[in-house]
Each structure stands twice: as structure tokens, then as C-alpha cells.
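**Q** model this:
(one chain, ligands or ions: 2)
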Amino acid sequence: MSTLLVTGGAGFIGSNFVRHALEHTGHDVVVLDKLTYAGDLASLEGVPSDRFRFVRGDIGDAGLVGALTAELDPATDAIVHFAAESHNDNSLAGPRPFVDTNILGTYTLIEAARERELRFHHISTDEVYGDLELDDPAKFTESTAYRPSSPYSSTKAASDLLVAAWVRSFGLRATISSCSNNYGPYQHVEKFIPRQITNVLGGKRPKLYGSGRNVRDWIHVDDHNSAVLAILERGRVGETYLIGANGERNNLQVVETILELLGQPRDAYDLVDDRPGHDLRYAIDASKLRTETGWAPRYTDFRDGLARTIEWYRDNEAWWGPQKAATEARYAELGR
Ligand code: NAD
Ligand code: DAU
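**A** Ligands and ions are numbered 1, 2, ... in the order given. Predicted coordinates for the structure are as follows:
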């Protein structure tokens, strides 16, 4: 039996990962999470307590991180690092926590992993590659040059470079995965899809930035997490893997589908001010991951995955309701 130390395990992707790992593997899980505005213990309700432990704390706290990594066995255990400040709009309004958590927090973790010679998996994002033109036939690959646009993506890029340098200079046994936009249950209502679903459920109109033509490459969160497990089990140490499921859609198309699935007119949305520096298009070529690990996504029908996600938000207002008013108040200040 081995243990995964999961940072950020009370956030959107991390909490889904904890459930997925407990259900589909024999690993025990220890979560280290600061419980920022984006973390919620309710996202972990019902996980089996005999295989799971929660520790509240900051990944930048070297003493706490050292105590937790001292419990791990380098022969069998691993750190899976999800914790981050993750929202672009917040990074534009106040970048400092992004530098602290995404760069210095990652530094603290890889130093602890180096000290104990622990296997480390770093969760990154396709945003480190900047953006593509709408008609560019190329997609992002592992050899695309880094060209981040926002404070969020630049701090994620910095953390990737730290991990890669620790691999080369210190022999850290690390892998990196860079995934496209996730959707699914337990995603904070500040993010695009949950914001629009909960707006419509609450009788408000979806808000589209700019022209609504920006393209994102959507993947269900369970497919992201099965890919992370595939990399932990079968990935090559020192390598980066892109994770994506050929889910390109523009924001207008996504909003129209949400409106339709909720029985509203397809044009019942508002266009609002654009995000400064707004990346135009992301698109992932996941060939390396598929070829080397045999991974394939299960949620290949976006409309069906979105319909299930809408059902989840409809059934779980107790989870998202307490965050909604404060989130919309922040957007109102930004004029979006
Ligand atoms: P999230 O904002 O929902 O959750 C982040 C979690 O990290 C929260 O539980 C928060 O409390 C915790 N956290 C923040 N700062 C911390 C600190 N200093 N110490 C300990 N815990 C801290 O984020 P998410 O959307 O689940 O993203 C998880 C990871 O996946 C991030 O690294 C993000 O960059 C990456 N990613 C996200 C997406 C996406 O579409 N959401 C896509 C690709 C990659
Ligand atoms: O690509 C991976 C990234 O995806 C992750 O690294 C980030 O952590 C995650 O937040 C996400 O970043 P985006 O900026 O693409 O996601 P967001 O949900 O904020 O916005 C998705 C798109 O929708 C983007 O083009 C902006 C737009 N948008 C967003 C909101 C919140 C709107 O049009 N209206 C909105 O209200």
C-alpha cells in the first residue's frame, strides 16, 4: 500500500483527483491544503476516512511540508502537486498570491522532495504556451516554446522551469503535465462554465467576455485525473506530458449549449468588457501521452458531459450557493 501526498486536494481538480484515486487505485491519500477561498472541505465529504487524512496548511510552510514528507516512503509514495492560485482574473487584480503560492510554494515542495528523494508530479497548464490564432493548424505540443500571457500563467511557467531544473541539476524524479480547460463537479463559480450555469439557474444571464470568439479546449476533470494517474504509473521521469481531449469550442458555443440545455433562448446572454491580455485560443496535441501511456479520455461527448455537470450544479446549490454572491460582487467591481 502506498501513499499520495496531494496538495490542493480541497480544490476543484484536486478533490476530484482524491475521489478518483481512492476509487480506482489502492493508494492512501494525505491532502495538504490551505483552504483559501477556492478550497472547500465539503468537496471531500464522504471520502473513505480509513484511507484519507486532511492537513490544513500552506505549501510554502517548509516546516510543515518537511514533517509531511518525512512520513513518506521514497520507494512507494509520491507527491501530486495541484495547489495553486488558479484564476486569471484574480491574477490581474492582485498578482502577489500567485507569486507566493505558484512559484515559492512549488519551490518549497521540490526542495522537500529532493531532500527525501521522493517521486514528484507537477500539475501545470496549457496556458504556459500562450495562445494560438483561430486558424492556426498547429496545436500545442511538448516542444512548443513557453510564452505565458498573464500573471497566473507566468507563475505557472516559472514553477515548471523550477521543476525541470531540479530534474536536471539534482536528479529530482519528477514529471510535469500541462492540461487544457477542465469542467465538471466542484468547480468554483468564478470559472466560466459554473458561472454561467449558476447564473441561469439563478435567473440571471450568462456573461461573455469580448466577442465570445475565444476558444478553449475542454476536458472533463475525470479525464484529466485518469491521465495524471497514467503518468504516475507509466510516465517517464523527467518528461512533460500534455493532456487534452480534442474539445475545442468557442465561448459563445459553450454558452449557447448551456442556455439550450437549461431551456432558455440561445441568445439570452450579455457581452461584457473583455479580460485584459485575453488569450485567444488553446489547443492540445496529446499524442505523446496517448502513445506512451495508452491513456484515452472517457468523456468524448462534450454536450453529454456538460448536461451532467449542469445536473450536478442543479442538485448541489448547498455547495456553490454560499460563494455565489461574493463572486458576483467581485465581478461587478471589474465591470464583468
Ligand atoms: P482551484 O483554485 O479550484 O483549487 C486550488 C486549491 O489549492 C484550493 O483548494 C486552495 O485552497 C489550494 N491552495 C491555494 N494556495 C495554497 C497554498 N499556498 N497552500 C496549500 N493549498 C493552497 O484550482 P483547480 O482549478 O483545481 O486547479 C488545480 C491545479 O490544476 C492548478 O495547479 C492549476 O494551475 C491546474 N490546472 C487547472 C486547470 C483548470 O481548468 N481548472 C487546467 C489545467 C491546469
Ligand atoms: O487552460 C487551462 C486553464 O483554464 C487553467 O490553467 C486555469 O486554472 C483555468 O482557470 C482556465 O483558465 P481560463 O482563463 O481559460 O478559464 P476561465 O474559466 O476563467 O475562462 C474560460 C474562458 O471564458 C476564457 O476565454 C474567458 C471566458 N470567460 C470567463 C468568465 C469567468 C467569459 O467569457 N465569461 C466569464 O464570465
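**Q** Tell me the residues of the stretch 151-300 of the chain that contact ligand 2?
**A** 180-181, 191-192, 195, 207-209, 214, 216, 251, 275, 282 (CB under 6 Å from any ligand atom). In short, each C-beta sits where N, CA and C put it, glycine included.
**Q** Which one (most neighbours) among the residues you listed?
**A** In terms of neighbours by other CB atoms under 10 Å, those top out with Ser180 at 25 neighbours.
**Q** list the buried ones in the host helix or strand of Gly321?
**A** Using DSSP states H and E, Gly321 falls within helix 317-334. For helix 317-334, burial by neighbour count (16 or more other CB atoms under 10 Å) applies to Trp319, Trp320, Gln323, Lys324, Thr327, Glu328.
**Q** neighbours around the residue of the chain found nearest ligand 1, how many?
**A** Going by CB to the nearest ligand atom, ligand 1 is nearest to Gly11 of the chain, at 2.0 Å. Neighbour count of Gly11, defined by other CB under 10 Å: 26.
**Q** List the residues that contact it.
**A** Asp33, Ala38, Gly39, Ser43, Phe82, Ala83, Ser86, His188 (CB atoms under 8 Å, 6 or more residues apart in numbering).
**Q** Of those, which are in range of ligand 1?
**A** Near ligand 1, by the rule CB under 6 Å from any ligand atom, you find Asp33, Ala38, Gly39, Phe82, Ala83, Ser86, His188 out of those.
**Q** Which members of those residues occur in strands, if any?
**A** Of the positions in those, Asp33 sit in strands, assigned by DSSP state E.
**Q** Adding distance to Ala70, neighbour count and pLDDT, write the ones next to ligand 1 among the contacts of Gly11 out as CSV.
**A** Formatted as CSV, these follow (distance: CB to CB, whole Å; neighbours: other CB atoms under 10 Å; pLDDT from 0 to 100):
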residue, distance to Ala70, neighbour count, pLDDT
Asp33, 19, 27, 99
Ala38, 28, 23, 98
Gly39, 24, 21, 98
Phe82, 21, 26, 99
Ala83, 19, 28, 99
Ser86, 28, 24, 98
His188, 32, 19, 98
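**Q** wait, which of the ones next to ligand 1 among the contacts of Gly11 is closest to Leu229?
**A** Closest approach to Leu229 among the ones next to ligand 1 among the contacts of Gly11 (CB to CB): Phe82, at 13.1 Å.
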